[in-house]
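> curious how this folds, go ahead:
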Amino acid sequence: MKRFTLMLMAAAFAITASAQYDVGTSTTTTDYFGNQKTTHRNQYGEVTGTSTTTTDYFGNTTTTHRDSNGNTIGTSKTSTDYFGNSTTTHRDSNGNTTGTAKSSTDYFGNTNTTYSDSHGHNTGTSSTTTDYFGNTTTTYRDSNGNTQGSSTSSTDYFGNRNTKQRSNDSNTSIWSW
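Numbering: from 1, shown residues only. Sure thing, here's the model as predicted:
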């Protein structure tokens, strides 16, 4: 009986240690011209902001982030090189660089991203895998390699993308921007 109780406690601890908290969702729609609008919601379904993305002739994207009141809080500009590697520069509403993200895609279509702050210091990484149906799973890690959260995305028949974010910390919000 004592052994059974210890095993039960160990199983409960393992489940608790690996638990993740739902911290929000994002829904992305694409218009006829390829422009995207993403609506971000917290875990209660309340809109916390939006992101609108436009793509230029060369495939570079510019995303404008707005809060729930429609005020611009920042932008992200992404450029892609000849090999498919991308660099995203994030700026605040005043145009100051707040960080960058550099992504590379391997032979199997998996994407690895390294995040840096405004001083170029590594703040974390993420790795994204894509399944046979085009659904993606992203795992976020801090600069020490500890898992901080994850997000899963699926695309419906109409091309709309739905993303669910989870965090290892119930007070943390994991956003894709």
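
> what is the least confident helix or strand in this structure?
Across the helices and strands of the chain, mean confidence by mean pLDDT, DSSP states H and E is lowest for helix 2-17: a mean of 38.

> mind listing what's buried along the helix or strand following that one?
With elements assigned by DSSP states H and E, the helix or strand that comes after helix 2-17 is strand 21-30. Burial within strand 21-30, assessed by neighbour count using 16 or more other C-beta atoms under 10 Å, is assigned to 23-26, 28. For glycine as for every other residue, the C-beta is placed from the backbone atoms N, C-alpha and C.

> any chance of TSV for the residues you listed, columns pLDDT and distance to Thr80?
Below are those laid out as TSV (pLDDT from 0 to 100; distance: C-beta to C-beta, whole Å):
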residue	pLDDT	distance to Thr80
Val23	88	29
Gly24	92	27
Thr25	94	27
Ser26	95	22
Thr28	96	19
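
> quick one: which of those is nearest Thr62?
Using C-beta to C-beta, Thr28 is the member of the buried residues of strand 21-30 that lies nearest Thr62, at 15.5 Å.

> wait, that closest one sits on Arg161?
Yes - shown here, Thr28 and Arg161 form a contact pair, counting by C-beta atoms under 8 Å, at 4.1 Å.

> about what we covered before: nearest to Asn122, of the buried residues of strand 21-30?
Using C-beta to C-beta, Val23 comes nearest to Asn122 of those, at 23.2 Å.

> that closest one against Thr163, yeah?
No - proximity of Val23 to Thr163 does not meet the contact threshold set by C-beta under 8 Å, at 11.6 Å.

> quick one: common contacting residues for the two?
Among the neighbours of Val23, none is also in contact with Thr163 (C-beta atoms under 8 Å, 6 or more residues apart in numbering).

> pull the residues that contact stretch 129-148.
The set of residues external to stretch 129-148 that reach it, using C-beta under 8 Å, 6+ apart, is 109-110, 121-128, 149-155, 167-169, 172, 174, 176.

> so where's this protein uncertain?
In the predicted model of the chain, residues 1-19, 170-177 satisfy pLDDT under 70.

> now do the strands in this structure.
Listed from the start of the chain, the chain has strands (DSSP state E) covering 21-30, 36-42, 47-55, 61-67, 72-80, 86-92, 97-105, 111-117, 122-130, 136-142, 147-155, 161-167.

> the longest one pairs with which strands?
Same thing as strand 21-30. Each strand pairing with strand 21-30, determined using DSSP bridges, is listed with its direction: strand 36-42 (antiparallel), strand 161-167 (antiparallel).

> likewise the third one?
Taking DSSP bridges as the criterion, strand 47-55 sits next to strand 36-42 (antiparallel), strand 61-67 (antiparallel) in its sheet.
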